[in-house]
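>>> Okay, structure incoming, though there's no sequence with it:
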């Protein structure tokens, strides 16, 4: 039998993010997922090295890679719409769950439990780190857009920064990442490679 799980996942590159915004450069779901995975890994590593935690960095990266996979089916719901009310958020969670189940249906029975664990992540601690990485990725997009001269992302920058400030109580590693790494975003390659 043929399974289409990875063929469906390959379509992440066609899902555009920031649908309500005029971007200087479009961002697709594949790009965002990779960046989220890398940042989630870094946040957990910072937690382990600097805060004495025992976080599974690799699992966080894996969850980050797949964290928005359901959007292949649902599309990217703009944040102002997704979080407009509890009713809309609840309905969207149900739609996401249905989409995740449809993705899982495209796997052989023996592999499905492993991907179920990734897509339906119920590890609250790692979920917070992936969510923080997701928000940091959004903040980075805002920084890059502002550096390109776009004023379109001014409010998104403020609201994303405010969300991250609230998350720091549970994920103090956000502060470390921002202090150590955020300054480089929006700079040219020459600026980044010159000490």
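Looks like it came in fine. In this text the structure is predicted, and so the values were computed from the model without any measurement. Numbering: from 1, shown residues only.
>>> got the buried residues for the helix or strand encompassing residue 6?
Taking DSSP states H and E as the criterion, residue 6 maps to helix 5-9. The neighbour-count check on helix 5-9 (16 or more other Cβ atoms under 10 Å) flags 5, 9 as buried. C-beta coordinates here come from the backbone N, C-alpha and C atoms, glycine included.
>>> what helices or strands is that helix leaning on?
Packed against helix 5-9 by the contact rule (3 or more Cβ pairs under 8 Å, 6 or more residues apart in numbering; DSSP states H and E) you find helix 86-104.
>>> Quick one: mean pLDDT over the helix it packs on.
Average pLDDT, helix 86-104: 89.
>>> List of residues touching stretch 139-158?
In this structure, residues lying in contact with stretch 139-158 by Cβ atoms under 8 Å, 6 or more residues apart in numbering are 17-18, 21-25, 27, 32, 35, 79, 138, 160-161, 164, 182, 185-187.
>>> hmm, I was thinking of stretch 173-187
In this structure, residues lying in contact with stretch 173-187 by Cβ under 8 Å, 6+ apart are 39, 42-44, 46-47, 50-51, 129, 132, 136, 139-140, 143-144, 146-147, 164, 167-168, 192.
>>> Out of those residues, which end up buried?
Buried members of the contacts of stretch 173-187, counted by 16+ other Cβ under 10 Å: 39, 42-44, 46-47, 129, 132, 136, 139-140, 143-144, 146, 164, 167.
>>> Need the worst-confidence member of those.
Ranking those by pLDDT puts residue 146 at the bottom, with 91.
>>> how close does that residue get to residue 42?
22 Å (Cβ to Cβ, to the nearest Å).
>>> One more: residue 168?
For residue 168 relative to residue 42 (Cβ to Cβ), the value is 15 Å.
>>> How about the spatially most central residue of the chain, nearest residue that isn't a chain neighbour?
Centroid-nearest residue in the chain: residue 134, 3.1 Å away (criterion: Cα atoms, centre = their mean). Closest residue in space to residue 134, ignoring its immediate chain neighbours: residue 36 at 5.1 Å, by Cβ to Cβ, 6 or more residues apart in numbering.
>>> what element comes up after the one helix or strand that neighbour maps to heading to the C-terminus?
Using DSSP H and E, residue 36 falls within helix 29-51. Next in sequence after helix 29-51, counting helices and strands by DSSP H and E, comes helix 57-66.
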